[in-house]
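Chemist: heads up, no residue letters with this:
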């Protein structure tokens, strides 16, 4: 019997001075970068004018209070749909969402060796036979850390003891773990191209020795990352493009890619196939010219109805200068491929 249950919605922390301070910085960042967004796909134009419109409107109005209120509960709001679950749980079948969360958790357990891989002739969901909490404990023993999410942005999901697991949190943990496996040794200088609301950045910084972490994304999405990572690590740990503060994490718009430095690890998941071809080529060319370590990609190679899809392997061949040293099917996401590239030797 599967331990399906309705998700819990912990109370949102009260709006405080830090929320308002971060919102003011985000609005200033947005004004500095507005009009320099870079080429977007029709899919992203649709998202920004649709589900993410409340975020865009608050930014354009410069309404610090409204923006702060929106961001502190963003994981329950439409503004993260297309990135995370957002408000879709409230309008969908709760059992399907619960099943998806459990499936992601079991996939993580199987990949890290905390559970046996299921077989078509074996018993289904055997990893959950004793419930969710023992499985989480087994995963944490393998990873050497807790996997509950921080109470930032209004997360909701299933409880495992005193921890909260969200619909996609197991996948963020898994992706960070896989990027860590691909990364070279030593303190890392990371560039992530397209970073959602910053969840994988959070986990990778928990798992590895990160000296610098730059995120390059559309300004509107960079606003989500700025809030999430500022609340997770503290405002002084995050610098927004145009600020003079020296911080471990930098949030950059696409046109500032050249300021991202010489990374030892570049990460891209769920974005290169969904941006226009020429923009994707520019990113890969920048990786080729600046990478001093490893490029880790996890992306789909499946047609998206109504939209053209750019394939990462084809991009790399077109641009040249990068050598693929690994290509693996993604353990938890059918249709996704994990690839590792390094600079081609002269």
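Modeler: Received it, and whenever you're ready, just let me know what you need. Since we're looking at a predicted model, the values are computed, not measured.
Chemist: all helices of the stretch 101-250 of the chain, in order?
Modeler: 132-143, 169-182, 199-207, 219-233 (DSSP state H, counting those that start in this stretch).
Chemist: Tell me which of those sits nearest to residue 70.
Modeler: helix 219-233 (9.3 Å; C-beta to C-beta). No exception for glycine: its C-beta is placed from N, CA and C like everyone else's.
Chemist: And that closest one, what does it pack against?
Modeler: helix 17-33, helix 53-61, helix 64-72, helix 199-207, strand 238-240, strand 249-252 (3 or more C-beta pairs under 8 Å, 6 or more residues apart in numbering; DSSP states H and E).
Chemist: now these as TSV including mean pLDDT?
Modeler: Shown next, in TSV, are those (pLDDT from 0 to 100):
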stretch	mean pLDDT
helix 17-33	97
helix 53-61	96
helix 64-72	97
helix 199-207	98
strand 238-240	98
strand 249-252	98
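Chemist: Is it possible to get JSON lines of those that adds mean neighbour count and distance to residue 298?
Modeler: Shown next, in JSON lines, are the helices and strands packed on helix 219-233 (neighbours: other C-beta atoms under 10 Å; distance: least, C-beta to C-beta, whole Å):
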{"stretch": "helix 17-33", "mean neighbour count": "19", "distance to residue 298": "27"}
{"stretch": "helix 53-61", "mean neighbour count": "17", "distance to residue 298": "26"}
{"stretch": "helix 64-72", "mean neighbour count": "20", "distance to residue 298": "26"}
{"stretch": "helix 199-207", "mean neighbour count": "23", "distance to residue 298": "10"}
{"stretch": "strand 238-240", "mean neighbour count": "25", "distance to residue 298": "24"}
{"stretch": "strand 249-252", "mean neighbour count": "24", "distance to residue 298": "21"}
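Chemist: before we move on, back to that, single out the most deeply packed of the helices of the stretch 101-250 of the chain.
Modeler: Greatest average neighbour count among the helices of the stretch 101-250 of the chain goes to helix 219-233 (a mean of 25), per mean count of other C-beta atoms under 10 Å.
Chemist: Residue 324: which of the helices and strands packed on helix 219-233 is closest?
Modeler: helix 199-207 (21.5 Å).
Chemist: Packing partners of that closest one?
Modeler: helix 169-182, strand 188-193, strand 210-216, helix 219-233, strand 265-269.
Chemist: hmm, 6 Å instead?
Modeler: helix 169-182 (3 or more C-beta pairs under 6 Å, 6 or more residues apart in numbering; DSSP states H and E).
Chemist: Quick one: list the elements packing against the helix it packs on.
Modeler: helix 94-112, helix 199-207, strand 294-300.
Chemist: I'd like the average pLDDT over that helix.
Modeler: Mean per-residue pLDDT for helix 169-182: 98.
Chemist: Just want the angle from that helix to helix 94-112.
Modeler: 20 degrees (axes from the mean of the first three to the mean of the last three C-alpha atoms, to 10 degrees).
Chemist: what's helix 169-182 in contact with?
Modeler: 104-105, 108, 147, 149, 199-200, 203-204, 207-208, 267, 294, 296, 340 (C-beta atoms under 6 Å, 6 or more residues apart in numbering).
Chemist: swap in stretch 287-299?
Modeler: 179, 182-184, 262, 264-269, 272-273, 312, 319, 321-322, 336, 338-343.
Chemist: picking that back up, for residue 15, find the nearest of the helices of the stretch 101-250 of the chain.
Modeler: Short answer: helix 219-233, nearest of the helices of the stretch 101-250 of the chain by C-beta to C-beta, at 12.0 Å.
Chemist: Thanks a lot, see you next time.
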